[in-house]
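Need coordinates for the following:
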Amino acid sequence: MSQPDLPPTPDTSTSYAGPILFRRDDSEETTDRSLLAWVDPRDPGRRVDRTVRDSWRVLRIQSEFVAGFDAMSDVAEAVTVFGSARIKPDTDAYRLSVRLGQALGEAGYAVITGGGPGAMEAANRGAFDAGAQSIGLNIELPFEQHINPWVDVGMNFRYFFVRKTMFVKYAQAFVCLPGGFGTLDELFEALTLVQTKKVERFPIVLVGRDYWAGLIDWMRDRLLAEGMISAGDIDLLHVVDTPEEAVEIVKSSCPTCGKDGDGGPAR
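Sure, this is the predicted structure:
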């Protein structure tokens, strides 16, 4: 499949509030920050204003769910890939992410990422190169993160919790590449959902044994040793080094996915 011409470097003077584009907007206020801001209930004017705004905000949240469900309605088997936005092209980490996206695409899976740069861009690029559906679910941030050019289906979300629902609802597995706080947040949210049986058990794969070894050791030496988790909880994580190993784990979790129209387990 031929690669598209890359678009110009994104204009850093633009920003998004959900699907709405603003130019020359220097405000760091985001919709999530506005939603979560504390308002003194002893101030009658501000309390009334908050009540009115929050009531209307429910409709905006509802509309974002509806838009997300509509955009993702044709997604069959898919894998959500998490990883750092900070890795650069022409690095081993970027090339590893491209290989992962390509291997998942060649195995018949759509690839869902956060839609931004770094590992997300690389995984989308690999899926695109493999001719697979490449999906990016971007988020409104104070420092603007534009959707990368390798996305076939993209959305800009205002609310983290709506975006996270889309990550989980349409995935047969999670694969985590090396990353920072955002990647850890998504990893532990997935772990919690599986551990508490809020979703069907599905694989959570960590790529890079050296990178993740310290975290796994800490879970075993502290969380498990002090009774904070059960022995089986650590087994929810699969640690590998190569994209091929990750794909084999994903495939083994749902051997019939992609065959005879079976879309995998419903959650």
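
CA only for contacts and neighbour counts going forward, please
OK.

Okay, the closest residue to Pro117 other than its chain neighbours and Arg222: tell me how far apart.
What sits nearest to Pro117 in space, not counting adjacent residues and going by CA to CA, 6 or more residues apart in numbering, is Ala85, at 5.1 Å. As judged by CA to CA, to the nearest Å, Ala85 and Arg222 stand 29 Å apart.

out of these two, which sits in the more crowded spot?
Ala85 (21 against 13; other CA atoms under 10 Å).

Doesn't Val66 belong to a helix?
Yes - counting by DSSP: H, G, I helix; E, B strand; the rest coil, Val66 is part of a helix.

pretty sure the residue nearest to Pro117 is touching Ala123, no?
No - contact criterion CA atoms under 8 Å: Ala85 and Ala123 do not qualify, at 11.3 Å.

Which neighbours do those two have in common?
The contact sets of Ala85 and Ala123 do not overlap (CA atoms under 8 Å, 6 or more residues apart in numbering).

what ranges do the strands span in the protein?
Assigned by DSSP state E, the chain shows strands spanning 14-17, 20-23, 78-82, 110-113, 134-139, 153-157, 173-176, 204-207, 237-240.

Redo these as a markdown table? Include mean pLDDT and mean neighbour count.
Below are the strands of the chain laid out as a markdown table (pLDDT from 0 to 100; neighbours: other CA atoms under 10 Å):
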| stretch | mean pLDDT | mean neighbour count |
| --- | --- | --- |
| strand 14-17 | 55 | 20 |
| strand 20-23 | 50 | 10 |
| strand 78-82 | 97 | 26 |
| strand 110-113 | 98 | 28 |
| strand 134-139 | 95 | 26 |
| strand 153-157 | 93 | 21 |
| strand 173-176 | 97 | 24 |
| strand 204-207 | 98 | 24 |
| strand 237-240 | 97 | 18 |
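
Select, out of those strands, the one closest to Val58.
strand 153-157 (14.6 Å; CA to CA).

Could you measure from Val175 over to Arg57?
In terms of CA to CA, Val175 sits 33 Å off from Arg57.

and of the strands of the chain, who's closest to Arg53?
strand 14-17 (16.3 Å).

wait, isn't Thr102 in contact with Asp129?
Slight slip there: residue 102 is Gln, not Thr. Yes - Gln102 is within contact range of Asp129, at 6.6 Å (criterion: CA under 8 Å).

Look at the two and report which has more neighbours.
Gln102 (26 against 21).

neighbouring contacts of stretch 196-212?
By CA under 8 Å, 6+ apart, stretch 196-212 touches 172-178, 187, 190-191, 193-194, 236-243, 246, 249-250, 253, 265-267.

switch the cut-off to 6 Å
If you take CA atoms under 6 Å, 6 or more residues apart in numbering as the criterion, stretch 196-212 is touched by 173-177, 193-194, 237-241, 267.

which of the residues in it are buried?
By neighbour count with 16 or more other CA atoms under 10 Å, stretch 196-212 contains the buried residues Val199, Arg201, Phe202, Pro203, Ile204, Val205, Leu206, Val207, Gly208, Trp212.

what's the fourth one sitting at in phi/psi?
Same thing as Pro203. Reported as degrees, to the nearest 10, the phi and psi values for Pro203 are phi -70, psi 140.
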